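> here's my sequence, what's the structure:
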Amino acid sequence: MNLLNKNDALSLAKLRDVLIRLEDTIIFALIERAQFALNDCTYQPGVYKYDNGSQGSFLEYFLHEMEKVHARVRRYTSPDEYPFTSPLPEPMLPTLDFPPTLHPNNINVNKDIMERYLQDIVPKICAPGDDLNYGSSATRDTECLQALSKRIHYGKFIAESKFMDPTQQKTYIKLIQNKDRDAIMELLTNRTVEAALLRRLRRKALIYGSDITETGEVVTKEEEVEGSTATTTSRKIQADVVVDLYERFVIPLTKEVEVEYLLRRLDGWQIPEDTEN
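All right, here's what the predicted structure looks like:
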């Protein structure tokens, strides 16, 4: 999405296209991480000594070093990018003049994303054990985390777009003034869209997670099941895991970002006269 164009940034149709592309990014990132073992030592603090004096985990060190490079090329000056670590250096490239699309806020849920990723996602997609591929694992972890962060923080753009809808703005203003979190969440929620998203995601995970032969056939394997041989599809990642990730983690956390953003939306903002009553 071209965030230098404010109309693009607040178009629900264009936002939907971005979120659909991020589905692909997230699925492929998970598949890439799943090829390596859990490698739990990369998530434990104090295992290694670092040149910056950090006492954190290898992943935290790797992520910080990666984000320092990205910060120098102005990645985190973009309103849809949120770093996991700090402090970060100033950009070496001139900053871009993004139009003021989002209301000023400091919402960053990367800490929650990191915790849920390590506790609930990695153990489900990776085989237990240690295969010594620590650098490769951390590289894939970083790709997963950055994709999840971008997708979830896009909730701010979705919330702003819905808030600026003239048919809904008066209702949003009243709910925000009353700090009615539950009602805001309900107004934001479109269960039909969410159900369609999960169906699409399952289909993608089934396709992307399968190995395909040169003739276009899905690779299968034979397994012993209760004393008999059964033929199953060879999967790089289970579709149920991907759907569960979105249903229990990505969608709810995105909506939490939307609600938190809207609860701050009226701060320092002049309410139009025709919506005050």
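> would you mind writing the CA trace of stretch 260-272 as PDB?
The C-alpha trace of stretch 260-272 is given here as PDB (Å, rounded to 0.1, in the frame of the first residue of the first chain):
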ATOM      1  CA  GLU A 260      -7.500   0.900  22.100                       C
ATOM      2  CA  TYR A 261      -6.900   3.200  19.100                       C
ATOM      3  CA  LEU A 262     -10.600   4.300  19.100                       C
ATOM      4  CA  LEU A 263     -10.600   5.000  22.800                       C
ATOM      5  CA  ARG A 264      -7.900   7.500  22.200                       C
ATOM      6  CA  ARG A 265      -9.400   8.900  19.000                       C
ATOM      7  CA  LEU A 266     -11.100  11.900  20.500                       C
ATOM      8  CA  ASP A 267      -8.000  13.100  22.400                       C
ATOM      9  CA  GLY A 268      -7.200  16.600  21.200                       C
ATOM     10  CA  TRP A 269      -9.700  16.300  18.300                       C
ATOM     11  CA  GLN A 270     -12.400  18.800  17.600                       C
ATOM     12  CA  ILE A 271     -15.700  17.000  17.300                       C
ATOM     13  CA  PRO A 272     -17.700  18.300  14.200                       C
END
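> what comes up buried for it?
Buried residues in stretch 260-272, counted by 16 or more other C-beta atoms under 10 Å: 260, 261, 262, 263, 265. All C-beta spots, glycine's among them, are computed from the backbone N, C-alpha and C.
> where does the stretch 51-200 of the chain dip in pLDDT?
The stretch 51-200 of the chain contains residues with pLDDT under 70 at 52.
> give me the neighbour count for residue 39.
Residue 39: 22 surrounding residues under other C-beta atoms under 10 Å.
> I'd guessed it sits against residue 134; true?
Yes: under the criterion of C-beta atoms under 8 Å, residue 39 makes contact with residue 134 at 5.8 Å.
> packing partners of the strand or helix carrying residue 143?
Per DSSP states H and E: residue 143 is located in helix 134-153. On a contact count with 3 or more C-beta pairs under 8 Å, 6 or more residues apart in numbering; DSSP states H and E, helix 134-153 meets helix 12-34, helix 58-72, helix 110-116, helix 251-263.
> which among those is found nearest to residue 92?
Across the helices and strands packed on helix 134-153, residue 92 has its closest neighbour in helix 58-72 (4.8 Å, C-beta to C-beta).
> give me the contacts around that closest one.
Here helix 58-72 makes contact (C-beta atoms under 8 Å, 6 or more residues apart in numbering) with 41-43, 45, 47-48, 50, 52, 54, 76, 83-85, 88-93, 134-135, 138-139, 141-142, 145.
> filter these to the buried ones?
Burial of these was assessed by neighbour count (16+ other C-beta under 10 Å); the buried members are 42-43, 54, 76, 83-85, 88, 91, 134, 138-139, 141-142, 145.
> and which of these is nearest to residue 101?
Nearest to residue 101 among the buried ones among the contacts of helix 58-72, with distances taken as C-beta to C-beta, is residue 76, at 15.9 Å.
> tell me the contacts of the closest one?
Neighbour list for residue 76: 67, 70, 82, 83, 88 [criterion: C-beta under 8 Å, 6+ apart].
> sec struct for the last one, please.
Classification of residue 88 by DSSP: H, G, I helix; E, B strand; the rest coil places it in coil.
> which of the contacts of residue 76 lies closest to residue 188?
Closest approach between the contacts of residue 76 and residue 188, by C-beta to C-beta: residue 82, at 20.1 Å.
> next one: phi and psi at the closest one?
The phi and psi values for residue 82, taken as degrees, to the nearest 10, are phi -140, psi 120.
> the one 5 residues further on too?
Dihedral pair for residue 87: phi -80, psi 160, per degrees, to the nearest 10.
> just give me the neighbour total for it.
8.
> buried residues in stretch 99-107?
Of the residues in stretch 99-107, 101, 102, 103, 107 count as buried by neighbour count, 16+ other C-beta under 10 Å.
> residue 57 versus the spatially most central residue of the chain, what's the distance?
By C-alpha atoms, centre = their mean, the chain has its centre lying nearest to residue 148, at 1.8 Å. For residue 148, the distance to residue 57 equals 18 Å [C-beta to C-beta, to the nearest Å].
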